[in-house]
Structure formats: C-alpha cells, structure tokens
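S.K.: Build me a structure from this.
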Amino acid sequence: MPNSPISVPAGYAPAFAIGFAASSGGDLSIVEPSRPLPVTSVQPPASSPLTGTVQAQTTAGPFIPAAARPVFLTLAGLWQGNVIIARSTDGGATLQPLTLAGEPWASFTSNACEAVWEEYEAGAALYLIADVTSGSLQYRLSQ
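M.R.: The predicted structure is shown next:
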C-alpha cells in the first residue's frame, strides 16, 4: 500500500485494516486489491410465491425455496384453525412438520407475517398444511 502523509499537530495516524480468515487454519488475510473480501452474490428467488385462499383442510405446495434466503409466511383473513409448514425431500411423499429443538415450529392459529425457514438442501420443498375450521384464510409463502 502507498504511504500517506501525516499532518501536524498529531504526528501519528491510527491504521485500520479489514481482513478475513483465508484458510481453514484461520490465518488473517488483509484485504487489498489483489486479495478482495470474499462475498456471496444473492440470486433472485427460484420459485414464484405460493398463494391462495382456503376455507377447509388443504395441503398446498410445493414451494421450492432458493438456498440461503429466508422464507416468509403471510396469513390473513378472518379464520379459525391451524396452519403448519412442512418440509419434504422426496417430492412430497413424506411431509415432516418443521421443528426447532424438537418443538413445533412454524405452527400458527392466527394471522402472521414472519420468516419461518431458511433452506440449504438442494431439492427440499416446503408445503403449507391448513386446517381451517371456520372463515377464510389467505396465505402467501415467498422469498
């Protein structure tokens, strides 16, 4: 790097550098033009949103999420019942409800708008399972 002049009255200038672990051993590598900061490009969503309106028991899907991006669920309307998000790695033959530390995750009994999952396995799909006992539920699963 080129030298920079130091102005009076200080006589010194603090030096800062950005670095990253360049190897699995964790050695520091200072960012410079010949060694830029490694970054990952985020691609647009792979799937169109999964949307619909339901007034009874329904399984909707598949929603194929793009890797490493949050999946959002929006539930709206005047309804009663239960909605869960399930995951499949076998084309929908087996649906496993999402859990976190062995407890139900992404299970709803009222309107919501929140991130529910982030997928990292190629070929995995998400499904919305709704059991609406009264009213009308509008849903959207998207990225």
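S.K.: Centroid-nearest residue for the chain?
M.R.: In the chain, the residue lying closest to the centroid (C-alpha atoms, centre = their mean) is Pro70, at 1.5 Å.
S.K.: That residue touches Glu114, doesn't it?
M.R.: No - the criterion here is C-beta atoms under 8 Å, and Pro70 misses it with Glu114 at 9.3 Å. Every C-beta, even on glycine, is put in place using the N, C-alpha and C of the backbone.
S.K.: remind me which residues of the protein are low pLDDT?
M.R.: Low-confidence segments of the chain, defined by pLDDT under 70: 1-13, 24, 42-46.
S.K.: residue boundaries of the helices in it?
M.R.: Counting by DSSP state H, the chain forms no helices at all.
S.K.: Strands of that one, start to end?
M.R.: 19-21, 28-30, 50-54, 57-63, 70-88, 96-97, 99-100, 103-104, 107-108, 112-118, 125-142 (DSSP state E).
S.K.: Which of the ones you listed sits closest to Leu37?
M.R.: Minimum separation from Leu37 across the strands of the chain (C-beta to C-beta) falls at strand 19-21, 6.2 Å.
S.K.: Paired strands for the closest one, with orientation please.
M.R.: strand 28-30 (antiparallel) (DSSP bridges).
S.K.: Can you point out the buried residues in the strand it pairs with?
M.R.: Residues of strand 28-30 include none that count as buried (16 or more other C-beta atoms under 10 Å).
S.K.: Contacts for that strand next, please.
M.R.: 17-22, 35 (C-beta atoms under 8 Å, 6 or more residues apart in numbering).
S.K.: returning to what we had before: closest to Thr40 out of the strands of the chain?
M.R.: It is, among the strands of the chain and with distance given as C-beta to C-beta, strand 19-21, at 12.7 Å.
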